[in-house]
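Colleague: next one to model:
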Amino acid sequence: MIALSLAGVHTSADYLAGDINQAQTTTENSGTTASKDYQKDPLYPYIAMQNKLVEKNGVEYITNPENILVLANKEYSLQSTYVPPDLVVPNVSFSFGDESLEKAHMREEAASQLGAMFTAAKQDGLALHAVSGYRSYKRQQEVFGAEVAAKGEAKAKEAVAVPGTSEHQTGLAMDISSLSADLNLTEAFGDTPEGQWLQKNAHNYGFILRYMKGKEAVTQYQYESWHYRYVGKDAATIIYENDWTLEEFFQHVQALQKKIDGGTAK
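Modeller: Below is the predicted model:
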């Protein structure tokens with residue numbers, strides 16, 4: 001486990017074990033002082049950026065989907081009517097050329113940083129190609145339906161998100177490939193120079209490798225070397241340096257919140 005480089009931060013082991021550090025523990029006898037100590041933790045700002053949810057017919061729907069750190073997965077769903085309000089076409093090379101397609105779009109902030117990331121890779125002699133960004137609920141229905149028809153529902157759910165649970169609907173994800181991978185979305189992309197560059201540098205532009213190898217039990221999806229998700233530079237750095245998934249990131253955020261809400265610091 002790589003320790004966070006930000007001052008005063010704790011490792012994932014600290015959060016899970018409940019050991020937030022002895023110095024902080026001693027201050028918990030003074031509620032005000034302890035609260036201030038917790039506020040210095042780099043994860044503290046993200047307490048306010050957790051999903052806000054409403055349950056309908058057994059489904060947990062996200063009510064703050066425009067949150068840059070929105071967590072859409074098999075447990076938390078977007079409304080079928082949700083469309084990001086600020087979709088734009090990033091200034092990058094696409095695998096399909098200059099066609100004006102739905103999947104060429106991303107949310108504005110993510111699109112800007114995607115462009116910066118592609119430019120940086122080019123300066124290092126590597127050419128990245130965007131393959132698939134925003135995907136509407138309707139389009140996700142089509143993609144999921146085709147996968148079910150080809151492989152059956154159980155296998156389909158391992159590789160393709162059920163409509164409403166796809167990160168592509170948030171407008172914050174982009175599938176990326178390269179000519180060295182024949183512009184395909186395959187695990188082999190992760191072993192190419194372009195895929196290796198992304199793994200080491202994407203966090204500098206606010207992106208994380210969303211579905212990591214070895215974390216399938218956490219994400220509930222197969223490893224996807226091509227799927228990058230925008231979360232902002234600060235959060236991406238924390239996630240990268242601790243080798244976390246987005247799910248694990250929020251587990252630690254929740255652990256911090258529980259200490260604040262349920263500990264002696266109130």
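
Colleague: give me the helices and strands touching the strand or helix carrying Glu194, please.
Modeller: According to DSSP states H and E, Glu194 maps onto helix 193-201. Using 3 or more Cβ pairs under 8 Å, 6 or more residues apart in numbering; DSSP states H and E, the elements in contact with helix 193-201 are helix 108-123, strand 173-177, strand 207-211, strand 224-230. (Glycine included, C-beta is placed from N, CA and C.)

Colleague: and the helices in this structure?
Modeller: 12-17, 22-26, 31-39, 108-123, 137-151, 153-159, 193-201, 216-219, 233-242, 246-262 (DSSP state H).

Colleague: need those in TSV (columns: mean pLDDT and distance to Ala48).
Modeller: Formatted as TSV, the helices of the chain follow (pLDDT from 0 to 100; distance: least, Cβ to Cβ, whole Å):
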stretch	mean pLDDT	distance to Ala48
helix 12-17	46	18
helix 22-26	39	21
helix 31-39	72	12
helix 108-123	98	18
helix 137-151	96	27
helix 153-159	89	32
helix 193-201	98	28
helix 216-219	96	23
helix 233-242	98	13
helix 246-262	95	10
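
Colleague: out of those helices, the one nearest Phe96 is which?
Modeller: Closest approach to Phe96 among those (Cβ to Cβ): helix 137-151, 14.6 Å.

Colleague: buried set for the closest one?
Modeller: In terms of neighbour count (16 or more other Cβ atoms under 10 Å), helix 137-151 has its buried residues at Tyr137, Arg139, Gln140, Val143, Phe144, Glu147, Val148.

Colleague: same check on stretch 225-238?
Modeller: Ser225, Trp226, His227, Tyr228, Arg229, Tyr230, Val231, Gly232, Ala235, Ala236, Thr237, Ile238.

Colleague: looking at the residues you listed, which is nearest Val162?
Modeller: Of all the buried residues of stretch 225-238, His227 has the smallest distance to Val162: 16.2 Å, by Cβ to Cβ.

Colleague: now do the same contact list for that closest one.
Modeller: Glu167, Ala173, Asp175, Leu209, Arg210, Tyr211 (Cβ atoms under 8 Å, 6 or more residues apart in numbering).

Colleague: and what of Leu87?
Modeller: Per Cβ under 8 Å, 6+ apart, neighbours of Leu87: His105, Met106, Arg107, Glu108, Tyr134, Gly171.

Colleague: look at it and report its pLDDT.
Modeller: Per-residue confidence at Leu87 stands at 98 (pLDDT).

Colleague: how many neighbours does the nearest residue to it once chain neighbours are set aside have?
Modeller: Excluding its sequence neighbours, the residue lying closest to Leu87 (Cβ to Cβ, 6 or more residues apart in numbering) is His105, at 4.2 Å. His105 has 22 neighbours, counted by other Cβ atoms under 10 Å.

Colleague: what do you get for Lys155?
Modeller: When neighbours are counted by other Cβ under 10 Å, Lys155 comes out with 12.

Colleague: from Gly206, how far off is the nearest residue to it once chain neighbours are set aside?
Modeller: Excluding its sequence neighbours, the residue lying closest to Lys155 (Cβ to Cβ, 6+ apart) is Glu147, at 7.8 Å. As judged by Cβ to Cβ, to the nearest Å, Glu147 and Gly206 stand 29 Å apart.
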